[in-house]
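J.: Need a 3D model of the following:
(one chain, ligands or ions: 2)
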Amino acid sequence: MQGVFITGTSTEVGKTFVGTALARALTQRNIKVIPRKPIESGCTKHNGELIPQDAVALKEAADYPGLLSDVCPYRFEPPISPVRAAHLANKILTTEQLVNICLQGSEEGFVLVEGAGGFYSPLAENGLNADLAVALQLPVLLVADDKLGTLSQVLLNVEAIQMRGLPLAGVVLNTINEVQNDYMDNTADLRERISCPVYTNPYLNGGQVQLSETLIDSLINNPGSNKPLRIVR
Ligand SMILES: Nc1ncnc2c1ncn2[C@@H]1O[C@H](COP(=O)(O)OP(=O)(O)O)[C@@H](O)[C@H]1O
Ligand SMILES: [Mg+2]
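T.: Numbering: from 1, shown residues only. Ligands and ions are numbered 1, 2, ... in the order given. The predicted structure is shown next:
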């Protein structure tokens, strides 16, 4: 299966921001993108229907003709862990159910999956985001908020992804805050310590980010392949 599992060091780090940019870039290259955000909490209610904003954004960016319920069937209102939100709605969802959503139509194009929260955030009754990524055997793209403290977060995630035996397509350092620390250079510090590519997104006050062509090429041509991931200590 061709695709990517977009995870993050946490929530609100730019997973959807990167996912939509990637969906647009692939679509521009005439690659059919199958967006999947199998479970989403923090949905807003409109006319009695729960609207999953991430899934809507991914569907739009991918120009996906399928149904929103194919992209995201499991929706919850409280902005909390999806598993807890499901419990509050008296629902129990398994990793296998989420896998099925991601596999539906997967043979038709590039499957772009956004998890919820971070790599080790619980996603289903019996699994974390990591377990869905492993079940799908998709390469991982790790998104991090580029700030003080990010080095440890990224290295921990890289080690976890490595332990799960998944290829890591790269790390995207995403500048979310307008005010930056001029002395900090997480990109350089990470490049010295991990063997996978490290990409950066500048702070954007509106507009759309242009992802690195190298990243897009590598995702299309089987990312993170073969090369063992290395963390330098
Ligand atoms: N490079 C950036 N520049 C400016 N704002 C950004 C950037 N990346 C993300 N954001 C904003 O940060 C917020 C969180 O990003 P989002 O993609 O929703 O995170 P996640 O999907 O990880 O929860 C959103 O409002 C998004 O528009
Ligand atoms: Mg998101």
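
J.: Tell me the residues of this protein that contact ligand 1?
T.: Residues of the chain found near ligand 1 (Cβ under 6 Å from any ligand atom) are 8, 11-17, 174-176, 201, 203-204, 209. Using the backbone N, CA and C atoms, a C-beta is placed for each residue, glycine as well.

J.: near ligand 2 at all, stretch 34-53?
T.: No - using Cβ under 5 Å from the ion, stretch 34-53 stays clear of ligand 2, coming no nearer than 7.4 Å.

J.: CA atoms of that stretch as CSV?
T.: Listed next in CSV are the C-alpha coordinates belonging to stretch 34-53 (Å, rounded to 0.1, in the frame of the first residue of the first chain):
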residue,chain,number,x,y,z
ILE,A,34,-7.1,8.8,-0.2
PRO,A,35,-7.4,10.9,2.9
ARG,A,36,-8.2,9.2,6.2
LYS,A,37,-8.7,10.6,9.7
PRO,A,38,-10.5,7.5,11.0
ILE,A,39,-11.3,9.0,14.4
GLU,A,40,-11.7,12.7,15.4
SER,A,41,-12.6,14.3,18.6
GLY,A,42,-13.3,18.0,19.2
CYS,A,43,-15.9,18.0,16.4
THR,A,44,-18.3,20.8,16.1
LYS,A,45,-22.1,20.3,15.7
HIS,A,46,-23.9,21.8,12.7
ASN,A,47,-27.5,21.0,12.1
GLY,A,48,-27.3,18.0,14.3
GLU,A,49,-24.2,16.6,12.5
LEU,A,50,-20.8,16.4,14.0
ILE,A,51,-18.2,18.0,11.7
PRO,A,52,-14.6,16.7,11.9
GLN,A,53,-12.6,19.8,10.9
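
J.: Enumerate the positions of it that are buried.
T.: Of all the residues in stretch 34-53, those buried under the rule 16 or more other Cβ atoms under 10 Å are 34-43, 50, 52.
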